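Novice: Using only what follows, build the 3D model:
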Amino acid sequence: MEAFLRYLVLNLLGTTEGMELTESRSQQKIVFRLKLPPEQIGKIIGKEGRTIEAIRNLLSAAAARTGQKVLLQIVEE
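Specialist: Modelled structure (predicted):
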């Protein structure tokens, strides 16, 4: 799932430079923390939050196939 998230970010931003992605897991939950440079955060969030919501929906659907839940947090520097 981490590779999938990296793929999405790379295609949205065109680069993964300055990106930090950390993952923490529990039995039923995966939490991704995505840290980006300030000028790229707007591209990931999108207009009215539609892009980040779509990314979260894709991750949730992928996690549901294995019976897990996923949470994506955007961290500002």
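Novice: and the helix or strand harbouring V31, how far out from the chain's middle?
Specialist: Secondary structure assigned from DSSP states H and E places V31 in strand 29-36. Relative to the mean C-alpha coordinate of its chain, strand 29-36 is positioned 6 Å out (Cα atoms, centre = their mean, to the nearest Å).
Novice: Run me through the strand neighbours of it, direction for each.
Specialist: Paired neighbours of strand 29-36 in the sheet (DSSP bridges): strand 20-25 (antiparallel), strand 69-76 (parallel).
Novice: Just the C-alphas of the last one, formatted as CSV.
Specialist: What that stands for is strand 69-76. Output of strand 69-76 as CSV, limited to C-alpha atoms (Å, rounded to 0.1, in the frame of the first residue of the first chain):
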residue,chain,number,x,y,z
LYS,A,69,-8.5,0.5,7.9
VAL,A,70,-6.1,3.2,6.7
LEU,A,71,-5.7,6.8,7.7
LEU,A,72,-3.7,9.4,5.7
GLN,A,73,-2.4,12.5,7.5
ILE,A,74,-0.8,15.5,5.8
VAL,A,75,2.0,17.0,7.9
GLU,A,76,3.2,20.5,7.3
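Novice: Need the phi and psi values for the residue in the chain sticking out farthest from the centre.
Specialist: The C-alpha centroid of the chain is most remote from Q27, which lies 19.6 Å away (Cα atoms, centre = their mean). With angles defined as degrees, to the nearest 10, Q27 sits at phi -60, psi -40.
Novice: Okay then, goodbye and thanks.
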